[in-house]
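Q: When you get a sec, could you give me coordinates for this:
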Amino acid sequence: MYDPFKHARAITNLQMLQTMEAVFNNILSTSFYPGAPAKRTAPETKTVARLPSRPGKVVGKSRQRAKTIHKSGIPATLRAKPTKRGRASFTKGIHICEFGQRSFKLYIPAIARIADTRLPLLVMLHGCKQTPEDFARGTGMNALAEEFGFLVLYPAQEAKSQIYRCWNWYKPDDQVRGSGEPALLASMVSQIITKYRVDPGKVYVAGLSAGASAALIIADAYPDIFAAVGTHSGLPVGAAHNGLTAVIAMKFGAPGLQHSDPMPTIDFHGSSDKVVNPRNGRFIISRALDPYSDLGKTVKSGQKTDGRKYVRTSYRLGTGRSFIEHWVIEGADHAWSGGNAANSYTDPAGPDASREMVQFFLRHRTTAKRRSRRPPGF
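A: Sure, this is the predicted structure:
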């Protein structure tokens, strides 16, 4: 039987959600984020390569295999110089699965051409209004990939999914395993692992701002895939559930939800961040510590040469590797510490967040037992 009151409530709830989303986007456009970085263009050539899909995965309503379309042809300044080991590559692709599709850039270091062992993989999630190319240049992560020997995957958010290309960390459907963006990204990562002989025990994820929040979500949802997570200027898992609560959490901080599994975490946050309250960094660390016990705490202060001061708090077992790290950069705003000044949301005066994250990540790996707990699908 038709219930006009129930119908009216449904319309009202939908209108409220739309209003909250509009408020969130309006604040992003006027108060928090500067204009998008200038677009850089490069000639493209296109080749097509198919990635093996997982059994039972579908694209739309068909049993079509997931596929990746690679397009090379990036500026020479982004390509590593040829070496005796081979040539590095920075290629573009599109991942398609039952949860949707996203384009990406994948950096493969020169050493990968002759490596007789599987290499680690780092997934980098950009912030609002950024692109994979801008994020790669700003963080300098490709240069570190050459130095340390790992692949870097840069998924790209679509404007049709979020008008300012923010990852949807504040939407319930994009906060859990098997749904929305977490499932889509997990599917993408799994395809890259299979195609490029990645070490499945050394897969990491990091991000800036909205990308940091999304990185925490995907790491918490898929502890069988990710061995550690790095965040810069983000918010904890479950900090918001719509546009309005996202704005409140960004402005005042939100404690978020407890993590289901231990996850090594390194967090950076500027003490003068006007976009995401630094309190959120402390909440990230608090939640990361929840599953652990008996971790010792050490606090060290330092300063980058001719740059910013910082406080580094580490949590470890005895004198071994740290499982949790919290870096507070004195006077820094909403920007990647130690990044390239020519790119968006970077602060070259701060310590090198990229290098510190990489060194932290490579000390951790998932166990075969944890990976074996993975249920079918995503």
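
Q: switch to C-alpha atoms for all contacts and neighbour counts from now on
A: Noted.

Q: contact partners of stretch 368-376?
A: By C-alpha atoms under 8 Å, 6 or more residues apart in numbering, the residues outside stretch 368-376 that reach it are 201, 223-225.

Q: what about the helices in this structure?
A: Counting by DSSP state H, residue ranges of the helices within the chain are 4-27, 132-139, 141-148, 180-195, 210-221, 243-252, 279-289, 353-361, 368-372.

Q: Kindly confirm whether my reading is correct that Ser314 touches Glu325.
A: Yes. Judged on C-alpha atoms under 8 Å, Ser314 makes contact with Glu325 at a distance of 4.5 Å.

Q: re the thing from before, which of the helices of the chain sits closest to Pro172?
A: Closest to Pro172 of the helices of the chain, according to C-alpha to C-alpha: helix 180-195, at 9.1 Å.

Q: Other residues contacting that closest one?
A: Outside helix 180-195, the residues that reach it (C-alpha under 8 Å, 6+ apart) are 51-53, 95, 97-101, 121, 123, 155, 167-168, 173-177, 198-200, 214, 217-218, 221-222, 225, 378.

Q: Quick check: closest non-adjacent residue to Thr298.
A: Ser314 (5.3 Å; C-alpha to C-alpha, 6 or more residues apart in numbering).

Q: List the buried residues of stretch 165-183.
A: For stretch 165-183, the neighbour count (16 or more other C-alpha atoms under 10 Å) marks 165-171, 174-178, 180-183 as buried.

Q: no no, stretch 352-371
A: Of the residues in stretch 352-371, those scored as buried under the neighbour-count criterion (16+ other C-alpha under 10 Å) are 352-355, 357-358, 360-362, 364-366, 371.

Q: one step back: out of the helices of the chain, deepest packed?
A: For the helices of the chain, the stretch with the most neighbours on average is helix 210-221, a mean of 28; neighbours defined as mean count of other C-alpha atoms under 10 Å.

Q: Looking at that helix now, give me its mean pLDDT.
A: Throughout helix 210-221, pLDDT has a mean value of 98.

Q: what does stretch 348-357 give?
A: 98.

Q: Please name the residues that touch the closest residue to Pro172 other than its chain neighbours.
A: Spatial nearest neighbour of Pro172, chain neighbours left out: His241 (5.6 Å); criterion: C-alpha to C-alpha, 6+ apart. When the contact criterion is C-alpha under 8 Å, 6+ apart, the partners of His241 are 170-172.

Q: ok, His241 to Phe252 distance?
A: Between His241 and Phe252 the distance, using C-alpha to C-alpha, to the nearest Å, works out to 15 Å.

Q: just Leu121 next, same as before
A: Taking C-alpha to C-alpha as the measure, Leu121 falls 34 Å from Phe252.

Q: need the helices of the chain in JSON lines with distance to Val237, can you?
A: Written out in JSON lines, the entries for these read as follows (distance: least, C-alpha to C-alpha, whole Å):
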{"stretch": "helix 4-27", "distance to Val237": "18"}
{"stretch": "helix 132-139", "distance to Val237": "22"}
{"stretch": "helix 141-148", "distance to Val237": "25"}
{"stretch": "helix 180-195", "distance to Val237": "12"}
{"stretch": "helix 210-221", "distance to Val237": "6"}
{"stretch": "helix 243-252", "distance to Val237": "11"}
{"stretch": "helix 279-289", "distance to Val237": "8"}
{"stretch": "helix 353-361", "distance to Val237": "20"}
{"stretch": "helix 368-372", "distance to Val237": "21"}
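
Q: Many thanks, have a good one.
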